[in-house]
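[1] Could you work out the structure for the sequence below:
(one chain, ligands or ions: 1)
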Amino acid sequence: MKPAFWKEATRRSWSIIKPEVERHIHALWEKPELPAMEVAAARLLTEWLRGSGFDIEAPCCGMPTAFIARKRLGPGPCIAILAEYDALPGTANDAVPYRQSRGQRAGHSCGHNQIGAANCGAAIAALKTMQDHKIPGELIVIGCPAEEIVWGKVGLLKKGAFEGVDAILTSHGDYQNGVISRPCQSVVGGEIVFRGESGHGGSIRKTNALDAAELAVQSIERLRAHHFADTQVEHVLRVGGGIPNVTPDEARVWINARQADYDRTSEVYDFLVDVCKHSAQLVGVSFQHLFVSATHGYLPNDRLAEMMMANLQEVGPPAWSDEAKKWMQSLAFECAPNGAFDLDEEVGLYTEGVDPYGQDDGEVSWQIPLGRVNWAYPQQVPLHNWALTALAGYPGSYPGPLMASETLALSAIDLMLNPKVIEQAKEELTERTKGLTLDPPRVGAWETLTQNPEAFWDATWVE
Ligand SMILES: [Zn+2]
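    Residues are numbered from 1 along each chain as shown. Next up, the predicted model:
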């Protein structure tokens, strides 16, 4: 089959699916759900995929909000497209270019509503092309819960969801329209629980759990410059008492360490846990470490990136309307009143540097070649901020994820028709990991997140 023919055919299939992608971006955005609690999102996407001809396994791997949608059309490569659909606490906003006070409600401030719909739409369009033109191969969509705590794909990998997959394709919103072949950060995280005794705040506070938590955080900050200046550390104090005159009997600190190198990230994380343990001993309270998850940063794959870049060029940059750009400009101004409006309107291939975030597909990319395409949001609109929630629900922003969706559909068909690219991508992965022994996937909070995720988000969980 000539490239001009299958590209044209795939783009036609995709344009038929496009209104459904837009509808699902909106439907997911309307009902943001916290990581591991994405019941409605998983149902919405699996119903769409089932209605489009995929066989559904949901839930899968013992994870209630994970799914696999699969269709095999004769012998050929097995290509997986990933879907994400979780939201973040405390970042809710309507799709308006100004901030609203929405308390601790969840919002799609990482745009996973756009990823979930764009990536599923790509698979549906690719399957339609395969069926219409008798292209053999196996196409699957893996529905990945709890990306925001870098947990879902690590668990899915551990449970075998990726077995038999030859190559993986995915997308994310970012600050450029491009194919990404550069690493991102590894992340290791968990929660420390300090437990003391409650009592009247006026008496001597011998067993104040908050003292231990604060001592630990201060110590970490003091040690940072000399002990782990190469690694970012972030924390939140999830439990720290309810009223000053009751000595807090429990305090919880949730900590992440992050940097490109996985082993170093793990080493720093272990050190942080040790600091917490010693702080508990000094204060005389008990200590419990609740591990959550660890993920490698992304292992780039230039061969897949090259293939995807050719398809991205075919699609071209997002076709934002003038009205949409004006809206985004007013949102950007709310976020950065003194900053110039900066929105990438080109497409490019990004191979230099390290992206300053972690993603749990990084863990999978060390086992199976993984290719990614990103779309741009305005530079002034921070990810994980109310403004990104507003943007992810604003239809004028959809051309970004739509560009990614169409590129993924083309890339999936490209791989089905050119298994040689897969072989080369696998050889590249082997070369990049030569001589390395990889830790097996590490996930914690398993019982909690699969059986009682509310306890995780209420900060009452123990394992
Ligand atoms: Zn994200």
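
[2] Report the contact partners of V421.
    Counting by CB atoms under 8 Å, 6 or more residues apart in numbering, V421 touches 303-304, 307, 414-415. Backbone N, C-alpha and C define where each C-beta goes, glycine included.

[3] that's a helix at it, yeah?
    Yes - V421 forms part of a helix when assessed by DSSP: H, G, I helix; E, B strand; the rest coil.

[4] Start the count at 30 instead of 1 going forward.
    Okay, using 30 as the starting number, the last item reads as V450.

[5] pLDDT at it, what is it?
    Here, the pLDDT recorded for V450 equals 98.

[6] Next: D384.
    pLDDT, D384: 95.

[7] can I get the contacts of V450 in TSV with pLDDT?
    What follows is the contacts of V450, written out as TSV (pLDDT from 0 to 100):
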residue	pLDDT
R332	98
L333	98
M336	98
D443	98
L444	98
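
[8] Where do the helices of the stretch 230-379 of the chain begin and end?
    Taking DSSP state H, counting those that start in this stretch to define them, one finds helices in the stretch 230-379 of the chain at 238-256, 291-312, 331-344, 351-364.

[9] looking at those, which is closest to Q160?
    helix 331-344 (20.0 Å; CB to CB).

[10] Residues touching the closest one, excluding its own?
    Taking CB under 8 Å, 6+ apart as the rule, helix 331-344 contacts 36, 40, 196, 198, 206-210, 376, 378, 380, 398-402, 432, 435-436, 439-440, 443-444, 447, 450, 453-454, 457.

[11] and among the helices of the stretch 230-379 of the chain, the most buried is which?
    Highest mean neighbour count of those: helix 331-344, a mean of 21 (counted as mean count of other CB atoms under 10 Å).

[12] Point out where the chain drops to low pLDDT.
    Residue ranges of the chain with pLDDT under 70: 234.

[13] can you tell me which residues contact W395?
    W395 sits next to 325, 328, 458, 462, 467 when contact means CB under 8 Å, 6+ apart.

[14] same deal with A286?
    216-218, 257, 260-262, 294-295, 297-298, 301.

[15] coming back round to it: which of the contacts of W395 lies at the shortest distance from C364?
    Top of the list for closeness to C364, among the contacts of W395 and by CB to CB, is H325 at 31.3 Å.

[16] Show me which residues of stretch 215-224 are buried.
    215-224 (16 or more other CB atoms under 10 Å).

[17] try stretch 410-424
    If you call a residue buried by 16+ other CB under 10 Å, then stretch 410-424 has these buried ones: 410, 412, 414-423.

[18] contacts for it?
    With CB under 8 Å, 6+ apart as the test, stretch 410-424 has contacts from 51, 54-55, 58-59, 61, 117, 120-126, 128-129, 131, 136-140, 142-143, 202, 353, 356-357, 360-361, 363-364, 386, 406-407, 426.

[19] what separates it from the chain centre, distance-wise?
    Remark: stretch 410-424 is offset 15 Å from the chain centroid, using CA atoms, centre = their mean, to the nearest Å.

[20] and it, how far apart are its ends?
    One end of stretch 410-424 sits 16 Å from the other (CA to CA, to the nearest Å).

[21] next one: stretch 375-389
    Stretch 375-389 end-to-end distance (CA to CA) = 27 Å.

[22] repeat for stretch 207-226
    54 Å.

[23] Tell me how far that stretch lies from the chain's centre.
    Distance of stretch 207-226 from the chain centroid (CA atoms, centre = their mean) equals 12 Å.

[24] Same question for stretch 101-120.
    For stretch 101-120, the distance to the chain centre is 11 Å (CA atoms, centre = their mean).

[25] Tell me the buried residues in it?
    For stretch 101-120, using 16+ other CB under 10 Å, the buried residues are 102, 105-118, 120.

[26] List the contacts of P428.
    Residues in contact with P428 (CB under 8 Å, 6+ apart) are 347-349, 353.

[27] Quick one: buried ones out of those?
    Neighbour counting with 16+ other CB under 10 Å marks 347, 349, 353 as buried within the contacts of P428.

[28] care to break this protein down by domain?
    Here the domain parsing of the chain from automatic domain parsing is 32-212+326-461, 214-324.

[29] Quick check: which of those domains is buried the most?
    Highest mean neighbour count among the domains of the chain (mean count of other CB under 10 Å): domain 32-212+326-461, with a mean of 21.

[30] That one: how far from the chain's middle?
    Remark: domain 32-212+326-461 is offset 10 Å from the chain centroid, using CA atoms, centre = their mean.

[31] about what we covered before: out of the contacts of W395, which comes closest to L73?
    Of these, the one sitting nearest to L73 (CB to CB) turns out to be H325, at 30.2 Å.

[32] Dump the buried residues of stretch 215-224 to a markdown table, plus secondary structure.
    Output for the buried residues of stretch 215-224, formatted as a markdown table (three-state DSSP):
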| residue | secondary structure |
| --- | --- |
| S215 | strand |
| V216 | strand |
| V217 | strand |
| G218 | strand |
| G219 | strand |
| E220 | strand |
| I221 | strand |
| V222 | strand |
| F223 | strand |
| R224 | strand |
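
[33] which one among the buried residues of stretch 410-424 gets closest to A151?
    A421 (17.8 Å).

[34] Name the residue most distant from the centre of the protein?
    In terms of distance from the mean C-alpha position of the chain, S232 ranks first, at 46.5 Å (CA atoms, centre = their mean).

[35] Spatially nearest residue to that one, not counting backbone neighbours?
    Leaving out its chain neighbours, the residue that sits closest to S232 by CB to CB, 6 or more residues apart in numbering is T276, at 7.9 Å.

[36] Hmm, I233 and the one you found touching each other?
    No - contact criterion CB atoms under 8 Å: T276 and I233 do not qualify, at 9.5 Å.

[37] overlap in contacts of these two?
    Residues touching both T276 and I233 by CB under 8 Å, 6+ apart: none at all.

[38] now the longest helix along the chain and helix 331-344, what's the angle there?
    Looking across the chain with DSSP state H, the single longest helix is helix 32-59. For helix 32-59 against helix 331-344, the angle by axes from the mean of the first three to the mean of the last three CA atoms, to 10 degrees is 90 degrees.

[39] Can you name every helix or strand that helix 32-59 contacts?
    With contacts defined as 3 or more CB pairs under 8 Å, 6 or more residues apart in numbering; DSSP states H and E, helix 32-59 has these neighbours: helix 68-80, helix 141-161, helix 331-344, helix 428-446.

[40] so can I have CSV of these showing distance to V314?
    Supplementary listing: the helices and strands packed on helix 32-59 in CSV, determined by distance: least, CB to CB, whole Å:
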stretch, distance to V314
helix 68-80, 37
helix 141-161, 37
helix 331-344, 50
helix 428-446, 47
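
[41] Nearest residue to the most centrally placed residue in the chain in space, please, no chain neighbours.
    In the chain, the centroid-proximal residue (CA atoms, centre = their mean) is E176; its distance is 4.0 Å. Nearest non-adjacent residue to E176, counting by CB to CB, 6+ apart: E113, 4.5 Å away.
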